[in-house]
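Visitor: A predicted structure for the sequence below; I have some questions about it.
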Amino acid sequence: MSAQEQDRVDGADGFQAPEIQQAMRKVPQTAHGEPAVWLAGGALAVAVFAIVGMVGLIAYQGGRAFWPDPIAEVTLPDGSKVWGEVQGTSTVPEGQENEGAPTKLVRTENYKWTGAHGRWFEFDTGTPTAYPEWAALAEMLDEGRIVGIPNAFRVDGEVLASEPSTVWDSFLEHHGQVRERYREMQSIRDDELAALSSRQEEGRLEVRRVEMEHGTDSEPHLAAQAEFETLLGELAGEQQLWNGKIAELKEINDRYEVGFLFSDGTQVYRPMAEVVRLVTPNRMSFGEKVATYFDRWWEFLSDRPRHANSQGGIWPA
């Protein structure tokens with residue numbers, strides 16, 4: 001085999017002859033498109049990092065809302081005190097009284113009674129900030145969140161515990177059963193009563209279908225109407241039974257109440273069934289805070305929204 005033939009064989013096998021390699025070295029890299037490939041790859045990498053960074057930032061900022069922050073007791077210049085989660089610090093804007101004075105955003109909650117979820121307070125940086133051991137955060141069904149000290153546990157209007165520690169023990173003892181009865185009521189509404197409504201609607205549509213097919217007051221139409229009236233009677237009986245069951249469960253739950261003392265001395269009592277979760281961040285261990293954090297995450301992913309879609313979960317979506 002001649003040298004020329006051997007070069008062809010080497011080229012067929014994927015090896016290039018020296019003269020070919022030398023010729024290719026003289027070809028500029030732009031002719032192969034390599035700069036464009038590197039540019040596209042770099043742009044793709046930047047885009048991926050930007051997306052990952054944005055998602056990570058959103059997850060971090062959103063996830064912080066689930067962490068049980070400590071509840072601070074902030075003493076104001078006038079001597080009054082407020083309880084709440086400190087969410088940030090700033091200064092009084094220019095042009096306002098006490099311009100440049102330090103301010104603190106305290107998430108005081110108790111919106112039903114104060115009309116605000118949080119307030120900016122002016123404070124002296126040297127003002128001591130305490131963390132009351134029994135300051136609690138109650139997450140409610142329809143009233144947002146309550147910040148206060150649990151100082152009463154009532155059954156049938158009678159106070160059975162008035163110290164925070166005993167109130168806490170009583171809450172833990174009864175809250176699980178109260179919430180289980182609440183979930184049973186929700187299940188009856190969502191499943192049993194909803195099924196009765198569906199049967200009623202199906203019966204109404206059947207009467208309408210027969211009327212359109214055979215005419216108003218025709219024999220089939222009158223027969224369908226009579227059958228529908230019979231169905232309504234049966235459904236009314238079943239609905240009464242299920243509503244009675246709901247009323248019975250609600251009556252039991254309404255016996256239990258928890259009292260909260262606000263920082264301004266206001267005393268309120270709320271049904272225990274309305275309390276979704278009660279936490280005392282200032283006395284929780286790190287492990288308990290982690291458990292609460294993931295419990296809130298699970299609620300966010302699996303539960304229905306509440307309090308005007310500002311709390312609860314996103315499951316229907």
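Guide: Sure, I can see it.

Visitor: C-terminal to the host helix or strand of residue 89, what's the next element?
Guide: Assigned by DSSP states H and E, residue 89 belongs to strand 81-91. Following strand 81-91 in sequence order, the next helix or strand is strand 102-107 (DSSP H and E).

Visitor: what's that following strand packed up against?
Guide: Strand 102-107 sits against strand 72-75, strand 81-91, strand 119-122, with contacts defined as 3 or more Cβ pairs under 8 Å, 6 or more residues apart in numbering; DSSP states H and E. No exception for glycine: its C-beta is placed from N, CA and C like everyone else's.

Visitor: please state the offset of stretch 69-82 from the chain centre?
Guide: Stretch 69-82 sits 27 Å away from the centroid of its parent chain (Cα atoms, centre = their mean, to the nearest Å).

Visitor: contact partners of that stretch?
Guide: Stretch 69-82 is contacted from outside by 83-86, 104, 106, 108, 119, 121-124, 127-132, 135-137, 147, 263-264, 281-282, using Cβ atoms under 8 Å, 6 or more residues apart in numbering.

Visitor: list buried residues within these.
Guide: Buried residues within the contacts of stretch 69-82, counting neighbours by 16 or more other Cβ atoms under 10 Å: 83-86, 104, 106, 108, 121, 123, 132, 135-137, 147, 263, 281-282.

Visitor: okay, now residue 143: neighbour count?
Guide: 19 (other Cβ atoms under 10 Å).

Visitor: over to residue 144?
Guide: By other Cβ under 10 Å, 18 other residues sit near residue 144.

Visitor: same question for residue 113.
Guide: Residue 113 is flanked by 13 other residues according to other Cβ under 10 Å.

Visitor: skip the chain neighbours and tell me the closest residue to it.
Guide: residue 266 (6.4 Å; Cβ to Cβ, 6 or more residues apart in numbering).

Visitor: so what's residue 299 up against?
Guide: The contact partners of residue 299, taken as Cβ under 8 Å, 6+ apart, are 312, 313.

Visitor: buried residues in whatever helix or strand it lives in, which are they?
Guide: Using DSSP H and E, residue 299 sits in helix 286-302. Using 16+ other Cβ under 10 Å as the test for burial, helix 286-302 gives 292, 293, 296, 299, 300.

Visitor: cool, stretch 185-198 as well?
Guide: 185, 188, 192, 193, 196.

Visitor: can you show me the strands along the chain?
Guide: 72-75, 81-91, 102-107, 119-122, 129-130, 136-140, 145-155, 158-161, 256-261, 267-271, 275-279, 305-306, 311-312 (DSSP state E).

Visitor: would you list the strands that the second one pairs with, along with their directions?
Guide: On the basis of DSSP bridges, the sheet neighbours of strand 81-91 come out as strand 72-75 (antiparallel), strand 102-107 (antiparallel).

Visitor: TSV for the ones you listed, including distance to residue 255?
Guide: Shown next, in TSV, are those (distance: least, Cβ to Cβ, whole Å):
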stretch	distance to residue 255
strand 72-75	33
strand 102-107	32
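
Visitor: any idea which of the ones you listed scores lowest on pLDDT?
Guide: Note on those: strand 102-107 shows the lowest mean pLDDT, a mean of 83.

Visitor: would you mind writing the CA trace of that one as PDB?
Guide: Presented in PDB, the C-alpha positions along strand 102-107 are these (Å, rounded to 0.1, in the frame of the first residue of the first chain):
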ATOM      1  CA  PRO A 102     -34.700  55.100  65.100                       C
ATOM      2  CA  THR A 103     -38.000  53.200  64.600                       C
ATOM      3  CA  LYS A 104     -38.900  49.500  65.000                       C
ATOM      4  CA  LEU A 105     -41.600  47.600  63.200                       C
ATOM      5  CA  VAL A 106     -43.300  45.400  65.700                       C
ATOM      6  CA  ARG A 107     -45.900  42.900  64.400                       C
END
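
Visitor: indicate which one of the helices and strands packed on strand 102-107 is closest to residue 47.
Guide: strand 81-91 (32.0 Å; Cβ to Cβ).

Visitor: that older thread, what angle do the helix holding residue 299 and strand 136-140 make?
Guide: Relative orientation of helix 286-302 versus strand 136-140 (axes from the mean of the first three to the mean of the last three Cα atoms, to 10 degrees): 10 degrees.

Visitor: where in the chain is pLDDT low?
Guide: Counting by pLDDT under 70, the chain shows low-confidence ranges at 1-33, 123-128, 317.

Visitor: would you confirm that residue 188 contacts residue 242?
Guide: Yes: here residue 188 lies in contact with residue 242, judged by Cβ atoms under 8 Å, at a distance of 5.4 Å.

Visitor: which residues sit in contact with the nearest residue to residue 189 once chain neighbours are set aside?
Guide: Once flanking residues are discounted, residue 189 sits nearest to residue 246: 7.2 Å by Cβ to Cβ, 6+ apart. Residue 246 sits next to 185, 188, 189 when contact means Cβ under 8 Å, 6+ apart.
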